[in-house]
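1. Fold the stuff below for me.
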Amino acid sequence: MPHAWSQFGQDAPAPFVSGNVGILWQSYAEDSLIGAVVPPAKTGYNAFANVLYNQGNFSAGVRYESYLNAVIGFPGRFNGSGVGYRFARYNDPERGVDVTVGNFYDQFGSGLVFRSYEERNLGIDNAMDGFRLIFKPIEGVQAKFIYGKQRFDFDNGLVNGPGVVRAVDVETDLNALVERWEEKPLKVVAAASFVSKFQAGSPFSVDSLVLAMPQNIGSWSYRINAIRKGWTASAEYAGKINDPSADNGYTFRNGEAFLATLGYSQKGLGVLFTGKMVDNMSFRSDRDLRLFDLPINFIPAVTQQHTYNL
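-> Down below sits the predicted model:
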């Protein structure tokens, strides 16, 4: 419920409008050495403009996008101009309530079971389109609920994928929850997540076999983070039930992943050790897609990642 500022003789917070614009335009030339051929349009054009409105605990925004034609290296199916992202949000830190409707980005832990994000320079955007509720029932505990579909395409406006994503994450700050731990030098945060997807499907034929595709797929994870002075340590385990897809050749094998880090830092020195194990953890809201299309989760890299789409 919005605050009734006038009831207490207070002035409502002044509204604030902000935004930004980005334009990427390319002109192409033939290069016989690498076999590069000039496309019919001869140029590529990606552009976007964000408009954000804030007033007190309320915020809203839209992103207008244009692909005329999409720059080479980005999804070629992106076409036209229109609204590709819009949201409304009410966030009241004092009451511990945060509600978002429309599009949003989020992540559970390291992303092993859920990550919705944008890397515009790489052409990646799997924004959620739906509902998110974050609330803090007691000090030291935060619960997060997500329900919606993922951005898949752009054709004069946002186009979502067919699958439905449902997710919950509960995170506990043990130092804030347990009073006698509040002043301890060791800070510990533990959490658990559950993510499921629904995608309707009919029997699928592969290698002369007829496979009945599971329509509801669940995944889960447990994680812990600890900090003490210059030391940091974290670990996360994730599991997933059988999820036949194009990525794994439509096999019915369960998946799992484990990620652990240990780091130390002081003035002039920083050391980080990372290890991971991944087995059959591809997780998409459309089982028939590959590459960058509709990923629900994210497997963190242990080496430097790409910054631009070359």
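2. For burial, what's the neighbour tally of the nearest residue to P75 once chain neighbours are set aside?
-> Nearest residue to P75 in three dimensions, chain neighbours excluded: G123, at 5.9 Å (C-beta to C-beta, 6 or more residues apart in numbering). For glycine as for every other residue, the C-beta is placed from the backbone atoms N, C-alpha and C. By other C-beta atoms under 10 Å, the residues close to G123 number 16.
3. beta partners for M128?
-> Beta bridges link M128 to F104, Q150, judged by DSSP bridges.
4. Over to S221?
-> In this entry, S221 is beta-bridged to S193, A238, by DSSP bridges.
5. I'd assumed Q107 was in contact with Y117.
-> Yes: using C-beta atoms under 8 Å, Y117 makes contact with Q107 at a distance of 6.8 Å.
6. any shared contact partners between the two?
-> The contact sets of Y117 and Q107 overlap at F298 (C-beta atoms under 8 Å, 6 or more residues apart in numbering).
7. Past the helix or strand encompassing N20, which element shows up next along the chain?
-> Here N20, judged by DSSP states H and E, is contained in strand 16-27. Using DSSP H and E, the next helix or strand after strand 16-27 towards the C-terminus is strand 43-55.
8. what helices or strands is that next one leaning on?
-> Helices and strands touching strand 43-55, by 3 or more C-beta pairs under 8 Å, 6 or more residues apart in numbering; DSSP states H and E, are strand 16-27, strand 58-67.
9. ok now the first one, how far from the chain's centre?
-> In other words, strand 16-27. 22 Å (C-alpha atoms, centre = their mean, to the nearest Å).
10. how big is the angle separating it from strand 58-67?
-> 10 degrees (axes from the mean of the first three to the mean of the last three C-alpha atoms, to 10 degrees).
11. Quickly run through the sheet partners of strand 16-27, with directions.
-> Assessed with DSSP bridges, strand 16-27 is paired to strand 43-55 (antiparallel).
12. Strands of the stretch 201-310 of the chain, residue ranges please.
-> 204-206, 209-211, 216-228, 231-240, 255-266, 269-279 (DSSP state E, counting those that start in this stretch).
13. Any chance of CSV for these, columns mean neighbour count, distance to F298 and mean pLDDT?
-> Converted to CSV, these look like this (neighbours: other C-beta atoms under 10 Å; distance: least, C-beta to C-beta, whole Å; pLDDT from 0 to 100):
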stretch, mean neighbour count, distance to F298, mean pLDDT
strand 204-206, 11, 26, 71
strand 209-211, 11, 27, 77
strand 216-228, 18, 12, 95
strand 231-240, 19, 11, 96
strand 255-266, 16, 11, 94
strand 269-279, 12, 11, 92
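14. Verify the contact between the residue nearest to P75 and F74 for me.
-> Yes: in this structure, G123 is within contact of F74 by C-beta under 8 Å, at 4.0 Å.
15. Pull the contacting residues for S66.
-> Y45, N46, A47, F48, G80, S81.
16. For burial, what's the neighbour tally of the fourth one?
-> Okay, so that is F48. 17.
17. Could you measure from the residue lying closest to N54 once chain neighbours are set aside over to F48?
-> In space, N54 comes closest to F16 once its chain neighbours are excluded; the distance is 4.6 Å by C-beta to C-beta, 6+ apart. Relative to F48, F16 is positioned 21 Å away (C-beta to C-beta, to the nearest Å).
18. Would you mind checking which helix or strand in this structure has the lowest mean pLDDT?
-> Of all helical and strand segments in the chain, the minimum by mean pLDDT, DSSP states H and E falls on strand 204-206, at a mean of 71.
19. related to what we said a few turns ago, distance to N160 for the strands of the stretch 201-310 of the chain - can I get that in CSV?
-> Shown next, in CSV, are the strands of the stretch 201-310 of the chain (distance: least, C-beta to C-beta, whole Å):
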stretch, distance to N160
strand 204-206, 22
strand 209-211, 26
strand 216-228, 18
strand 231-240, 22
strand 255-266, 25
strand 269-279, 27
